[in-house]
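Asker: sequence first, predicted coordinates after that:
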Amino acid sequence: MKTIDLSRYAHDRHKEKERGKASPGPVITLSREFGCPAKILASEFVETLNKRITKNKWGWVSKEILEKAAKELDVKPSERT
């Protein structure tokens, strides 16, 4: 099974950015209580960011997309290194 080291990924992305080879970032994650309308919150947050930041547009990714990506990469979505 393939493992993903998020700390290493972040470090490598930072180095790529310093060399001018990285795509736009950063990434913001939202933690919430059960029952919170996360999709609505994320959508409104992205809309607010995009009104204030014009260089790069923000988007959001749902947990379903993350779960699909984890499945395709053959890793568990909850797996930590």
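Answerer: That came through fine. Residues are numbered from 1 along each chain as shown.

Asker: Three-state assignment for the spatially most central residue of the chain, please.
Answerer: Central residue of the chain (C-alpha atoms, centre = their mean): Val27, 4.8 Å from the mean position. Going by DSSP: H, G, I helix; E, B strand; the rest coil, the secondary structure assigned to Val27 is coil.

Asker: ok, now which ones touch it?
Answerer: Residues counted as contacts of Val27 (C-beta atoms under 8 Å, 6 or more residues apart in numbering): none. Any C-beta I mention is one placed from the backbone N, CA and C, and that applies to glycine too.

Asker: distance of it relative to Phe34?
Answerer: 23 Å (C-beta to C-beta, to the nearest Å).

Asker: do Phe45 as well
Answerer: Relative to Phe34, and taking C-beta to C-beta, Phe45 is found at 19 Å.

Asker: neighbour-wise, which of these two wins?
Answerer: Phe45 (14 against 4; other C-beta atoms under 10 Å).

Asker: quick check: phi and psi on the more buried one?
Answerer: Per-residue torsions, Phe45: phi -60, psi -50 (degrees, to the nearest 10).

Asker: just the pLDDT for it.
Answerer: Model confidence at Phe45, given as pLDDT, is 87.

Asker: can you check Pro24 too?
Answerer: Pro24 is assigned 61 on the pLDDT scale.

Asker: again with Ser78
Answerer: 69.
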